[in-house]
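Peer 1: I'd like to go over a predicted model; first the sequence, then the structure.
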Amino acid sequence: MEFKKRHLLGIEDLDRDNISFILETAASFKEVSQRLIKKVPTLRGRSVVLIFYEPSTRTRVSFEMAAKRLSADTFSLSKATSSVTKGETLLDTAKNVEAMAPDLIVIRHPAAGAPHFLAQRLSCGVINAGDGAHEHPSQALLDMLTVKEHLGRIEGLKIVILGDISHSRVARSNILGFTRMGARVVVSGPATMIPPGIENLGAQVDLNPDRALEGADVVMALRIQKERQDESLFPTLREYSIHYGVNLARLKRAKEGALVMHPGPINRGVELDPAVADGPYSVILDQVANGVAVRMALLFLLMGGGKA
Ligand code: CP
């Protein structure tokens, strides 16, 4: 199969074959991270610029690690240490970076659509590393790879996403991705955190978390995003934890051995009880490890390595 895309802006742009091809390519890159010398020459001489206007641990480090493991050169720009603090616009910033001839720009930005805006105006490829509450496609791909590895398939599974759906780009990308691959996605949480029309993306809504979790193959808890909430959407964190947090008792509603997932960072004791986050069914750190393989695959494919 040939992967002809130049940008990764959202899961909405990927069909089932594209997703399968990315996951297969990522799986083939996993062994590089098991080697003593974790480096292959595949992208030697290519360069990737990471522009992060929002904080990140997992996405930023894993994109950088992925690029370096493929021998690409990486350059990082954060809002706080760039000329954005002097008033430079996003487009001027990106155009100046483009003038230095990178092959790809990876961008995280608080505004939905910022990566799309750049992709229309730049000659290099653009990867969306999270745009506001819109999409976080590489996260959904690493989540799908993790489920496929542990359960052997995605088709026919029941995936329950629990928490702050309204502010979650991870939820949007995962709903699009898992449904496209044939899973049933149910979202649950306080009514104030479930956006109207989320069913149009393919998700079912069940406001009762205990009922939603019945028979789940995968339980994905989401972080309460206080930084994106203009007003409090529930009385207290303690009440949220009691009514919507995933604890051992609530997890029993799901299938025996259901996978516990979280994109991170976790508010421990709020959306996830530590006994669940660190329990035997948690695959949270596998998600992180798979982030490197998925991002290696994306860099490789978007830089023209898609002929197999
Ligand atoms: N999952 C995720 O996007 O984590 P970071 O914000 O740390 O990158």
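Peer 2: It's in.
Peer 1: hmm, who's touching stretch 36-55?
Peer 2: 32, 60, 63-64, 67-79, 84, 90, 93-94, 97, 100-110, 114, 129-130, 299-300, 303, 305 (CB atoms under 8 Å, 6 or more residues apart in numbering). The way it works is simple: take the backbone N, C-alpha and C, and place the C-beta from them, glycine included.
Peer 1: For the ligand, tell me which of those residues show up nearby.
Peer 2: Residues shared between the contacts of stretch 36-55 and the neighbourhood of the ligand are 60, 130 [CB under 6 Å from any ligand atom].
Peer 1: Mind giving me the ChimeraX select for the contacts of stretch 36-55, buried ones only?
Peer 2: To isolate the buried ones among the contacts of stretch 36-55 in ChimeraX, judged by 16 or more other CB atoms under 10 Å, type:
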select :32,60,63,64,67,68,69,70,72,74,77,78,79,84,90,93,94,97,102,103,104,105,106,107,108,109,114,129,130,299,300,303
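Peer 1: The residue positioned nearest the centre of the chain: what's it in contact with?
Peer 2: Centroid-nearest residue in the chain, with CA atoms, centre = their mean: residue 139, separated by 1.6 Å. By CB under 8 Å, 6+ apart, the contact set of residue 139 is 59, 130, 169-170, 173-174, 263, 291.
Peer 1: Select from those every entry located in strands.
Peer 2: residue 130 (DSSP state E).
Peer 1: Highest neighbour count among the contacts of residue 139?
Peer 2: residue 174 (33 neighbours; other CB atoms under 10 Å).
Peer 1: Quick check, that residue in contact with residue 142.
Peer 2: No. Contact between residue 174 and residue 142 fails when scored by CB atoms under 8 Å: they sit 10.4 Å apart.
Peer 1: Could you give the backbone dihedrals for residue 122?
Peer 2: phi -110, psi 160 (degrees, to the nearest 10).
Peer 1: OK, contacts around it?
Peer 2: 94-95, 98, 105.
Peer 1: Switch those residues over to TSV; also include secondary structure.
Peer 2: Converted to TSV, the contacts of residue 122 look like this (DSSP: H, G, I helix; E, B strand; the rest coil):
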residue	secondary structure
94	helix
95	helix
98	helix
105	strand
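Peer 1: Out of these, name the two that are farthest from one another.
Peer 2: Largest separation among the contacts of residue 122 by CB to CB: 95 and 105, giving 10.8 Å.
Peer 1: Go through the contacts of residue 122 and name the one nearest the ligand.
Peer 2: Distance ranking of those against the ligand, using CB to the nearest ligand atom, places residue 105 first at 16.5 Å.
Peer 1: before we move on, the earlier item: need the contacts of residue 139 in a markdown table with pLDDT, can you?
Peer 2: Listed next are those as a markdown table, based on pLDDT from 0 to 100:
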| residue | pLDDT |
| --- | --- |
| 59 | 98 |
| 130 | 98 |
| 169 | 97 |
| 170 | 98 |
| 173 | 98 |
| 174 | 98 |
| 263 | 98 |
| 291 | 98 |
